[in-house]
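Novice: Sequence and predicted structure below; questions after.
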Amino acid sequence: MASVSVPAERPRGLLRRPTATTGFWSWVATVDHKKIGILYGVTAFAFFIVGGTEALLIRLQLAQPDQNLLSPSAYNELFTMHGITMVFLVVMPLSAAFFNYLIPLMIGARDVAFPRLNAFSYWAFLFAGLFIYSSWFLGGAPNGGWFGYAPNAVVDPTRGMTFYAIGLLIAGIASTVSAVNLAVTVINMRAPGMTLFRMPVFVWMGLVVQLLLAFSLPIITIGLVELLFDRRFGTHFFNPAAGGDPVLWQHLFWLFGHPEVYILVLPAMGIVSEILPVFSRKPLFGYQFVVFSGIAIGFIGFGVWAHHMFAVGLGPVANTAFGISTMIIAVPTGVKIFNWLGTLWKGDIRFTTAMLFAIGFIAMFVIGGLSGVTHAVVPSDYQQTDTYYIVAHFHYVLFGGAIFGLFGGMYYWWPKVFGRMLDERWGKVQFWTMLVGFNLAFGPMHVLGLQGMPRRIQSYPESLGLTFWNLVSTIGAFTIALAVLLFLVSAVRSFRQPKEMAADPWDARTLEWATSSPPPVHNFDEIPVVHALDEVWHRKYAETEGGRVVPVPAGGSGEPGHGEGHAIHLPGPSYYPFVASLGLPILGYGLIFDWWLAGVGAMVTLAGLYGWILEPSAE
Amino acid sequence: MATIEHAAVTEHPTSTGLPNTKLAMWLFLASDCLLFGALISSYVLYRGASLVGPYPNDVFDIPYTSVSSFVLLASSLTMVLALSAIQRGDHGRLRIWLLATAMLGLTFVGGQVYEFTVFAHEGLHLTANLFSTTFYVLTGFHGTHVAVGILMLLTLLSFSFAGRLPQERAETVELVGLYWHFVDIVWIVIFTVVYLIPTGSGPT
Amino acid sequence: MADATGLGPEDAAAPRVGHARHPSPREYVRIAMILAVVTAAEVAIYYIDWVHEKGLLVPLLFLFSLIKFSLVVLWFMHLKFDSRTYARFFLMGLAGAVTLYLIVLLTFRTFA
């Protein structure tokens, strides 16, 4: 039995080191990457429901022409919040949930490099989301689009865009800090024998994503600061009357915004790269190609941002250059697709729900990618930009891509995290409902866009002939909602099962399946020694000379791990990450309402930080 | 079975042999390059584009700011001497050099604050024009970074006096030092790009 | 008595931490002197009309600041003696920043 002991050194500071291992406060003070992963996942899913509801309201408004269920200003708030929610409060934290839970397990570590910093990132994310949403009650939600273009974002008289700037700044701090944390974890905390090229693809994609975050977030940080200063203090960064240029905002936003979309999709690509081999009973085809193409996507992803600005007037030289770079980035993406197909080819396929979502990802992402390639052709994009054709594209890659991949991950890793399976029959119903609903919702948008339906309009007249496909799209949206509901019910039902799950119910390949389901708090009794890619598979199976896979006798190829004897040192829980992050939204409210409040927020954060550094670092 | 203890532990071996904290600090500094790059680029973009004055030549006092630059450069020297001291186990020198660095940093920030009040007196308040906009936000961000650095230095100093900064924890001083030097090199760029490269024609 | 590296006995105080060589306090002071001289030069050429007229000001300032930047990064920040890994990450950020923002400024025709 594992026993937990309290540190011998009494720390200074007002708050004692918490000792609870269960219950509410243990979650507030946790620094365990697995609990933090669950926190991210649950919170992100809650925001998914909210963001989805916003989408349903949008679709209700657009189901018929000339409706007024939502006023134009309410409509602006809804599509803005829908975008902000889905990008920053759903897909990013869902990916973070998977990274947090799985990366240490997949590399054979006991936790991340900086566990308290990890907790801080979660709380800062939660507070950022709550802060942004509080705007509904405090003068109006952000209404300038998730992309917040100047000068509109600057001059809008309601408070919403100030909440936008500050809220995203807080979220940015959370993600930047987390990026450094996870990058160092991957680089520095791998188990003995786990070279970089024996890491699972999911971990590789994780590393690329963290570096993308680290290098792109500072750019939008400054953009948001400049926006905040223009709004709050009357500076002129984007003010044409003073000689400022709103296009500067666009550059700063998209310099971040484009790497951001790879941040959104690479985790799902990593998940797919894990699921396909397991349910094809074959190794990933072209592992190195998949890894290098991920790196290439990350790198080239920094060189395409102005393809969001083709119609701004940068001139033919800039447009051509970015058109070319955008086409180039399709290449490594295509490489991945072919490698996934190669993995499926002649595999012993099991169509589990996770596998269905992974295959669904490939199909939907290819469609989204194809429309993306059409945007890369600049004259063509002049017709497509700011129409529903673009809305179709990014929903195919972000929903059909990222969300499908993340759902696949949920089905795949649910038994590992919760010790129960999600029901496979419900899962398949959910998958097909979601696939049909998704295509009904977004497929027609290609047509609507090419028929000229602009984005971000609250209503359209009957005479434009857009009614039919809009109605179909709305039906599709509600079908998606049904699918999500099915998932929720299935999730709840899974907890009614007893918590008895094998360590490796799927007969999988990577290290997280080498420990129990769920893992013990210390992850592994003995840190594994790694000899190969897909270490767990190789411990179970060997190949005969004819290439046949045969099971290895139990206890055969595995070597006893390098344990640390019987004492496993884990970082202790702490309240200070929570405290330090709590000061941030208070500071935010202070910037909007009252300077003394800002002072309070700063003091709270400072107090949290000092308590943190005075606490013994039980790493 | 395994006994889990929540306690302070000695360094674990890492995959690269490099300490987590130092790797993290360099990654953070790399990302900070993009932060200051954006502010500096905003300044460069709007150079000479202000529609109304005051303009840089109207307010800049190059000799004054040069002294500020020397002060900050000197503080990098004292910082590295502090690190050298703790690596040798010389705690007396460590404290002297840490204090010196903090004092020089405070002088720099104080100098900037004074400089800004003079500028404001001459009509260059925050919202005067594009020059004021980009200048104050850029130098303000830098100054804030310096202030945070001073806070960290004073914290280290108090830790040292409290006996919480033994020779084995020299790396903590090194990390603060890396941050401090970074703030210095950002100033090297700012001093050149903002103050010395003229907007318009030559010195006043 | 100096050894072959030209360092005196006071430089023996330079700690040998791990495998990396650390400059001695004396060497650090020398670097600081160079930094001071270069800064003085930067300020000096600012006031020389001839430099402005020949269009040399900006290139020289660029060169001087590059020297100062490198000295601080390589010596004070110890990158010259440390693992390449740190340098690689820092260079990623630095090169990324310079490249991306240069492109942005080019689209605004700032240097036209």
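Specialist: That came through, no problem. What you are looking at is a predicted structure, and each value in this text was computed from that prediction instead of being measured.
Novice: Give me the most central residue, the chain.
Specialist: Just so you know, I chose chain A. residue A:92 (2.4 Å; Cα atoms, centre = their mean).
Novice: look at chain C instead
Specialist: Nearest to chain C centroid, counting by Cα atoms, centre = their mean: residue C:70, 2.2 Å.
Novice: Now name the helix or strand holding it.
Specialist: helix C:57-71 (DSSP states H and E).
Novice: Report the mean confidence score over that helix.
Specialist: Across helix C:57-71, pLDDT averages out at 94.
Novice: cool, stretch A:100-109 as well?
Specialist: Mean pLDDT, computed over stretch A:100-109, is 97.
Novice: With stretch A:526-540 instead?
Specialist: If you average the pLDDT over stretch A:526-540, you get 94.
Novice: Would you mind listing the buried residues in it?
Specialist: For stretch A:526-540, a neighbour-count test (16 or more other Cβ atoms under 10 Å in any protein chain shown) marks A:526-530, A:533-540 as buried. Every C-beta, even on glycine, is put in place using the N, C-alpha and C of the backbone.
Novice: could you say what helices and strands the strand or helix carrying residue A:97 packs with?
Specialist: Counting by DSSP H and E, the element that carries residue A:97 is helix A:92-107. In terms of contacts (3 or more Cβ pairs under 8 Å, 6 or more residues apart in numbering or on different chains; DSSP states H and E), helix A:92-107 is packed against helix A:33-62, helix A:115-134, helix A:160-188, helix A:201-233, helix A:246-280, helix A:404-418.
Novice: how about those, which one is nearest residue A:571?
Specialist: In terms of Cβ to Cβ, the element of the helices and strands packed on helix A:92-107 nearest to residue A:571 is helix A:115-134, at 4.3 Å.
Novice: For chain B, tell me whether that closest one is touching it.
Specialist: No: counting by Cβ under 8 Å from any Cβ of the partner chain, chain B has no neighbours in helix A:115-134; the shortest distance is 8.7 Å.
Novice: so that helix versus helix A:33-62, what angle?
Specialist: Using axes from the mean of the first three to the mean of the last three Cα atoms, to 10 degrees, the direction of helix A:115-134 lies 20 degrees away from that of helix A:33-62.
Novice: Convert the one helix or strand in chain C whose mean pLDDT sits lowest to PDB, retaining C-alpha atoms only.
Specialist: Lowest by mean pLDDT, DSSP states H and E among the helices and strands of chain C is helix C:49-53, with a mean of 89. Only the C-alpha atoms of helix C:49-53 are listed here, as PDB (Å, rounded to 0.1, in the frame of the first residue of the first chain):
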ATOM      1  CA  ASP C  49      28.200  65.100 -38.700                       C
ATOM      2  CA  TRP C  50      30.500  63.400 -41.100                       C
ATOM      3  CA  VAL C  51      29.200  60.000 -40.100                       C
ATOM      4  CA  HIS C  52      25.600  61.100 -40.800                       C
ATOM      5  CA  GLU C  53      26.600  62.700 -44.100                       C
END
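Novice: Can you give me the domain assignment for the chain?
Specialist: With no chain named, the answer covers chain A. Domain assignment for chain A, taken from automatic domain parsing, gives A:30-573, A:574-619.
Novice: switch to chain C, that's the one I care about
Specialist: Using automatic domain parsing, the domain parsing of chain C gives C:1-81, C:83-112.
Novice: measure the residue nearest to the centre of chain A to residue A:114 for me?
Specialist: Distance of residue A:92 to residue A:114, computed by Cβ to Cβ, to the nearest Å: 19 Å.
Novice: What of residue A:44?
Specialist: 21 Å.
Novice: again, but for residue B:21
Specialist: Distance from residue B:21 to residue A:114, by Cβ to Cβ: 8 Å.
Novice: the more surrounded of the two?
Specialist: Taking other Cβ atoms under 10 Å in any protein chain shown, residue B:21 and residue A:114 do not tie; residue A:114 has more neighbours (24 against 18).
Novice: Next, the contact list for that one, please.
Specialist: A:181, A:184, B:20, B:24 (Cβ atoms under 8 Å, 6 or more residues apart in numbering or on different chains).
Novice: what's the pLDDT at it?
Specialist: pLDDT for residue A:114: 96.
Novice: for chain A, what are the low-confidence residue spans?
Specialist: Applying pLDDT under 70 to chain A flags the ranges A:1-16, A:554-567, A:617-619.
Novice: Would you mind listing what in it touches chain C?
Specialist: Counting by Cβ under 8 Å from any Cβ, chain A sits next to chain C at A:187, A:211, A:214-215, A:219, A:245, A:247-248, A:251, A:255, A:302, A:306, A:314-315, A:318.
Novice: Can you tell me which of those residues has the most neighbours?
Specialist: Greatest neighbour count in the residues of chain A next to chain C, by other Cβ under 10 Å, goes to residue A:219: 30 neighbours.
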